[in-house]
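**Q** the sequence isn't on hand, but the structure is:
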C-alpha cells in the first residue's frame, strides 16, 4: 500500500545533541510537510517542500532544518534540541492541488529530550 | 483572517449515542474542508473532505459532515458512537493563497462512555 513512513517512531535525545528524523513516501507526491505537535494541540507547520523548493514558516526556529534529497525522502534536523522541542513530529504529503489539498500523514515520531 | 474554529475541546457521549463535533470556518476559507482523526501516538487519518461537490459528505467509520455555507459550518456527526471512536478530531481548511497549507482547528477530544 502507498503510504507515508516515519522512522523512528520514538526517539530519545539529549539536550543539545543533534537529532535527525526521517520521512519517506511511496505516494509520489510532490509536496512534503513537517509539523510539530505538542500535547493536546493542533499540528503546527514548520516547513514544506514543493518539489525541491523549500518553504519555511516565519516562526520556525533556526534550530530546525530540513533536507529533501529526492521526491521520496525528507529529513528534519534539530541542531541543538531543547526541552521545549519535545513533541510529536508529523510528516505529511500532498499532490499539488489535486484532491483539494488533501494531506496524507505518517504515524509520527515522538521525540523526548532528556 | 482565515480561521477554523472547533467548539468544545472535549465532548463526552455514551456508547450508542449521537456524536456531534462542531466546526466553523471563516468565510475567507475556501470550500476545501477536512476532518481528521488522531488516535493516541498516531498520525492524522483523513475521515472525510468537502471539495465543492455534494454538501453532505460521507466518510469512513460511519462519520459524515454537512457543509453549510450560510452558517459557515462543517459539523461532524455519527449516529451511534462506538468505544473505538474515542480519539482527537481536527477540522481543517485549506488556505486561500494556494500555498498548499492547511489551517487546523484546535481539536476536540471525543470521550465515549460505556
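**A** Looks like it arrived, so ask away. These figures come from a predicted structure and were not determined experimentally.
**Q** count of neighbours near residue 80?
**A** Using chain A here. Residue A:80 has 13 neighbours, counted by other CB atoms under 10 Å in any protein chain shown. The way it works is simple: take the backbone N, C-alpha and C, and place the C-beta from them, glycine included.
**Q** can you look at chain B instead?
**A** Count around residue B:80 with other CB under 10 Å applied: 12.
**Q** then residue A:58?
**A** Number of residues near residue A:58 (other CB under 10 Å) recorded here: 4.
**Q** pLDDT below threshold where in chain B?
**A** B:1, B:28-31, B:96-100 (pLDDT under 70).
**Q** which parts of it sit against chain A?
**A** Neighbours of chain A within chain B, by CB under 8 Å from any CB of the partner chain: B:9, B:32, B:34, B:36, B:41-46, B:49, B:51-52, B:88, B:90, B:94, B:98-102, B:104-107, B:109.
**Q** the residue nearest in space to the middle of chain A pairs with what?
**A** What sits nearest the mean C-alpha location of chain A, by CA atoms, centre = their mean, is residue A:34, with 2.8 Å. On the basis of DSSP bridges, residue A:34 is bridged to residue A:47, residue A:91.
**Q** give the contact list for the closest residue to residue A:14 other than its chain neighbours.
**A** Among residues not flanking residue A:14 along the chain, residue A:114 sits closest, at 5.6 Å (CB to CB, 6 or more residues apart in numbering or on different chains). With CB atoms under 8 Å, 6 or more residues apart in numbering or on different chains as the criterion, the residues that contact residue A:114 are A:12-15.
**Q** let me know whether the residue nearest to the centre of chain A touches residue A:66 as I believe.
**A** Yes - applying CB atoms under 8 Å, one finds residue A:34 in contact with residue A:66, separated by 6.1 Å.
**Q** overlap in contacts of these two?
**A** A:46-47, A:74, A:76.
**Q** which of these sits closest to chain B?
**A** residue A:47 (10.6 Å; CB to the nearest CB).
**Q** quick one, what contacts that closest one?
**A** So, once contact is read as CB under 8 Å, 6+ apart, residue A:47 ends up touching A:33-34, A:54-57, A:60, A:64, A:66.
**Q** ok, it to residue A:75 distance?
**A** Between residue A:47 and residue A:75 the computed distance is 12 Å (CB to CB, to the nearest Å).
**Q** now the strands: where do they sit in chain B?
**A** B:4-7, B:10-14, B:19-25, B:33-38, B:44-50, B:56-58, B:64-68, B:73-78, B:87-94, B:102-104, B:108-113 (DSSP state E).
**Q** do you know how far residue B:8 is from chain A?
**A** Plainly put, residue B:8 is 13 Å away from chain A if you go by CB to the nearest CB, to the nearest Å.
**Q** isn't that residue right next to residue B:108, touching?
**A** Yes - using CB under 8 Å, residue B:8 is in contact with residue B:108, at 5.5 Å.
**Q** the more surrounded of the two?
**A** residue B:108 (20 against 14).
**Q** that one contacts residue B:9, correct?
**A** Yes - with contact defined as CB under 8 Å, residue B:108 counts as touching residue B:9 (6.3 Å).
**Q** ok so, going back, which among the shared contacts of residue A:34 and residue A:66 count as buried?
**A** With neighbours counted by 16 or more other CB atoms under 10 Å in any protein chain shown, the shared contacts of residue A:34 and residue A:66 contain buried members at A:46-47, A:74, A:76.
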